[in-house]
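Enquirer: Model the following, please.
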Amino acid sequence: MENPFEALNKEFVETSEKLSKSFKMLSEVESVDIATAEKHLVWQEDNMKLYRYQNDNITCKVPVLIVYALVNTYQMMDLQPDRSLIRKLLSQGLDVYLIDWGQVNSAQRYLSLNDYINGYVDNSVDFIRKAHSIPKVNLLGVCQGGTFSLIYSALHPEKVKNLSTLVTPVDFSVNDGLLFRWSKYLDVDKIVDGHGGVIPGKFLDSAFDMLKPLGKTRKYNGIANVFDDNAKLMNFLRMEKWVSDTPNLAGECYRQFIKDLYQNNKLIKGELELDGEKVNLKNVTMPVITIYAAEDHIVPPSATKPINDYIGSEDKQLYEFPGGHIGVFVGARSQKELSPVLAEWYKSRS
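Expert: Residues are numbered from 1 along each chain as shown. So this is what the prediction gives:
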């Protein structure tokens with residue numbers, strides 16, 4: 001029988017050697033690059049930037065505009081060359097544009113839902129329409145950006161050819177996820193006013209960490225196991241860089257999103273108003289594909305699947321992806337299965 005002190009000493013030596021190797025590998029990492037697919041700035045308004053991705057093999061004549069959430073950044077969609085939904089869409093012949101919301105400062109604390117949707121999104125759509133001399137564009141909305149895209153498509157159906165939504169909430173009455181439960185009881189006025197009208201990204205990071213409180217502990221407990229593999233180490237560091245780069249939010253938009261949607265569920269009730277106009281989801285009559293993640297703990301399927309019940313489209317499809325919220329973008333199955341399905345869906349309707 002092995003002496004327990006010898007076993008403990010052996011484990012200590014092995015751990016020390018692994019940590020020593022880990023520190024050496026970390027010291028050799030010069031930079032951690034994410035979102036490296038080639039793109040060009042084509043238009044800018046305030047801090048918002050509109051990019052067009054380089055693609056010399058475009059086979060879909062109607063461009064796709066990606067509308068990402070205000071929370072976190074679009075870089076998750078192009079994390080690294082072999083884990084990039086954007087690169088896969090480009091390889092399938094799509095002409096891809098993307099909105100980068102930029103960083104909110106105190107001067108932008110009063111930006112509202114209307115400013116983002118009837119302002120920045122609409123102006124981006126109009127830029128693309130004019131640049132390509134086309135009446136309509138394709139939209140791809142992600143998470144909160146999918147909710148924005150639904151609202152936009154209901155208000156401006158004449159400008160949207162096809163709409164896809166990824167892990168997008170529409171029915172905020174559900175209680176299947178902690179985020180949906182908590183948000184119903186938030187004193188959002190105190191949160192916004194207490195932060196001077198600008199919600200810090202770190203505040204949002206903490207909230208998302210609490211959805212799975214042991215998740216970060218498990219992640220860092222197993223960190224030594226990835227340091228002896230350079231590929232795994234870089235995967236880990238790229239993900240950490242994306243997580244740590246959560247932008248600030250405009251307080252008024254945050255206040256309205258929480259109150260009107262999470263707390264009062266106005267979108268599917270037909271009570272949401274932007275610039276004096278009611279948002280009627282029955283006006284969404286273009287083809288729509290709704291993609292949800294079966295194990296999503298941030299936007300549960302029950303919050304997404306009702307999209308088909310409330311829109312007016314005849315050509316509408318629900319697509320279940322086996323995985324979690326982030327796996328939709330970076331998972332191996334996403335690269336092999338989801339991207340081709342999405343690209344073909346657009347091309348066959350453009």
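Enquirer: what about the strands in the chain?
Expert: Secondary structure of the chain (DSSP state E): strands at 39-45, 48-53, 64-67, 78-80, 83-84, 96-100, 137-142, 160-166, 198-199, 249-250, 273-274, 277-278, 288-293, 316-321.
Enquirer: how about stretch 343-350: buried residues?
Expert: Judged by neighbour count using 16 or more other C-beta atoms under 10 Å, the buried positions of stretch 343-350 are 343, 345-347, 350. Glycine gets a C-beta too; all of them are placed from N, C-alpha and C.
Enquirer: Adding distance to Ile191 and mean neighbour count, write the strands of the chain out as CSV.
Expert: Supplementary listing: those in CSV, determined by distance: least, C-beta to C-beta, whole Å; neighbours: other C-beta atoms under 10 Å:
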stretch, distance to Ile191, mean neighbour count
strand 39-45, 27, 14
strand 48-53, 24, 20
strand 64-67, 25, 26
strand 78-80, 30, 22
strand 83-84, 34, 23
strand 96-100, 25, 23
strand 137-142, 24, 26
strand 160-166, 27, 24
strand 198-199, 7, 23
strand 249-250, 10, 26
strand 273-274, 23, 16
strand 277-278, 27, 12
strand 288-293, 27, 24
strand 316-321, 32, 16
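Enquirer: Same list (those) but as a markdown table, adding distance to Lys130 and mean pLDDT.
Expert: Listed next are the strands of the chain as a markdown table, based on distance: least, C-beta to C-beta, whole Å; pLDDT from 0 to 100:
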| stretch | distance to Lys130 | mean pLDDT |
| --- | --- | --- |
| strand 39-45 | 10 | 98 |
| strand 48-53 | 12 | 98 |
| strand 64-67 | 13 | 98 |
| strand 78-80 | 26 | 89 |
| strand 83-84 | 28 | 90 |
| strand 96-100 | 13 | 98 |
| strand 137-142 | 11 | 98 |
| strand 160-166 | 15 | 98 |
| strand 198-199 | 33 | 95 |
| strand 249-250 | 27 | 96 |
| strand 273-274 | 23 | 97 |
| strand 277-278 | 23 | 97 |
| strand 288-293 | 25 | 96 |
| strand 316-321 | 29 | 95 |
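Enquirer: Figure out which of these is closest to Met234.
Expert: Taking C-beta to C-beta, strand 78-80 is the member of the strands of the chain nearest to Met234, at 7.6 Å.
Enquirer: one step back: Asp189 is nearest to which of the strands of the chain?
Expert: Across the strands of the chain, the minimum distance to Asp189, taken as C-beta to C-beta, is reached by strand 198-199, at 12.4 Å.
Enquirer: can you give me the mean pLDDT across stretch 54-62?
Expert: Here stretch 54-62 scores 96 as its mean pLDDT.
Enquirer: any residues touching that stretch, and which ones?
Expert: Defining contact as C-beta atoms under 8 Å, 6 or more residues apart in numbering, one finds that stretch 54-62 is touched by 37-40, 90-96, 134, 136-138, 161-162, 343, 346-347, 350.
Enquirer: Ile99 pairs with what?
Expert: Assessed by DSSP bridges, Ile99 has beta-bridge partners Leu50.
Enquirer: nearest residue to Gln256 other than its sequence neighbours?
Expert: Leu113 (5.1 Å; C-beta to C-beta, 6 or more residues apart in numbering).
Enquirer: Surely that neighbour and Arg255 touch.
Expert: No. The criterion here is C-beta atoms under 8 Å, and Leu113 misses it with Arg255 at 9.8 Å.
Enquirer: roughly how far is stretch 176-195 from the heart of the chain?
Expert: Remark: stretch 176-195 is offset 20 Å from the chain centroid, using C-alpha atoms, centre = their mean, to the nearest Å.
Enquirer: So which bits of it are buried?
Expert: For stretch 176-195, the neighbour count (16+ other C-beta under 10 Å) marks 177-180, 183, 188, 192, 195 as buried.
Enquirer: Contacts only, for Tyr146.
Expert: Just so we're on the same page, residue 146 is Gly rather than Tyr. With C-beta under 8 Å, 6+ apart, Gly146 has these contacts: 67, 165-169.
Enquirer: oh, I was asking about Tyr319
Expert: 289-292, 341.
Enquirer: Quick check: the farthest pair among those residues?
Expert: Tyr292 and Val341 (13.6 Å).
Enquirer: Roughly how far does the residue lying closest to Gln263 once chain neighbours are set aside sit from Phe208?
Expert: Spatially, and ignoring its direct neighbours in sequence, Gln263 is nearest to Lys184 (5.6 Å; C-beta to C-beta, 6+ apart). Lys184 sits 17 Å away from Phe208, going by C-beta to C-beta, to the nearest Å.
Enquirer: Val330 now?
Expert: As for Val330, its distance to Phe208 is 16 Å (criterion: C-beta to C-beta).
Enquirer: Counting neighbours, go ahead and name the busier of those two.
Expert: Neighbour count, other C-beta atoms under 10 Å: between Val330 and Phe208, Val330 has more, with 22 against 17.
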